[in-house]
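In: Could you work out the structure for the sequence below:
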Amino acid sequence: GACEILPSEAMQQVVPTSGSMGHPEVCRRPCLYGQRCESGAACGYCHMPHSGRPAHLDKRQRELLQKLSNAELLQAVTACLRVRAEEKGILQAAGEVLDIMEAWTAFAQANAASATSIPPKVSAKLHHSLGRMTFLGLLSLALRSGQSDQEYANQASAALGRMRMQLALSDATFDSTSLLWHV
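Out: You can find the predicted model right below:
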């Protein structure tokens, strides 16, 4: 009848997955198989459309980040996380993550030995590049830093999981069936 979905239309429907929770700011990376994925809603990768490649830091910016103290890295990332959450309208959902990151930054600053001298022009370029990254990309940068305090990193990761769930619950593309995979 008129309400039947043709096979070509069915292929275009997006199946929300556990990896899609919080799309596009805190979802996992895109599934390589996309709509041909045999895992369906159980897939741990995002099945939602992504616009282009995610922003990455170039070699010089990564080297600069390695020179920063943990306090400086956390301060830069946390400031960008707050701006990103405000710009994307997810500030309320990101509140717990931001609180943890701000506490972690304060802890690192209290224990910091000395500051790294970064020329203003280089610092501005770095902040511009960080500003193009997703919320998850920024948070991952802090969590992956070799100087990470494991307790704060674990707290931030757990809060991110709760944030993803909160965003998924507020997203009409997810229903209770697809969320059962995450409990």
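
In: Share the number of residues neighbouring H56, please.
Out: Residues near H56, counting by other C-beta atoms under 10 Å, number 11. C-beta: built from backbone N, CA, C; applies to glycine.

In: Okay, buried residues for stretch 50-57 please.
Out: L57 (16 or more other C-beta atoms under 10 Å).

In: looking at it, H23 is touching S51, isn't it?
Out: No. Applying C-beta atoms under 8 Å as the test, H23 and S51 come out as separate, 11.4 Å apart.

In: Tell me how far the one residue sitting closest to the centre of the chain lies from W104.
Out: Residue closest to the average C-alpha location in the chain (C-alpha atoms, centre = their mean): L136, at 0.9 Å. Relative to W104, L136 is positioned 17 Å away (C-beta to C-beta, to the nearest Å).

In: Repeat that for A42.
Out: 33 Å.

In: out of those two, which sits in the busier spot?
Out: A count of neighbours by other C-beta under 10 Å puts W104 above the other of A42 and W104, at 23 against 14.

In: Same question for the closest residue to M133 other than its chain neighbours, what's its three-state structure.
Out: Among residues not flanking M133 along the chain, A55 sits closest, at 4.8 Å (C-beta to C-beta, 6 or more residues apart in numbering). Counting by DSSP: H, G, I helix; E, B strand; the rest coil, the backbone at A55 sits in coil.

In: what sits against A55?
Out: S129, R132, M133, T134, G137 (C-beta atoms under 8 Å, 6 or more residues apart in numbering).

In: I'd like the mean pLDDT over the helix or strand harbouring the first one, please.
Out: To tie it back to what came earlier, the one meant is S129. Assigned by DSSP states H and E, S129 belongs to helix 120-131. Across helix 120-131, the average pLDDT comes to 84.

In: Stretch 160-174 now?
Out: 80.

In: Right, I'll leave it there.
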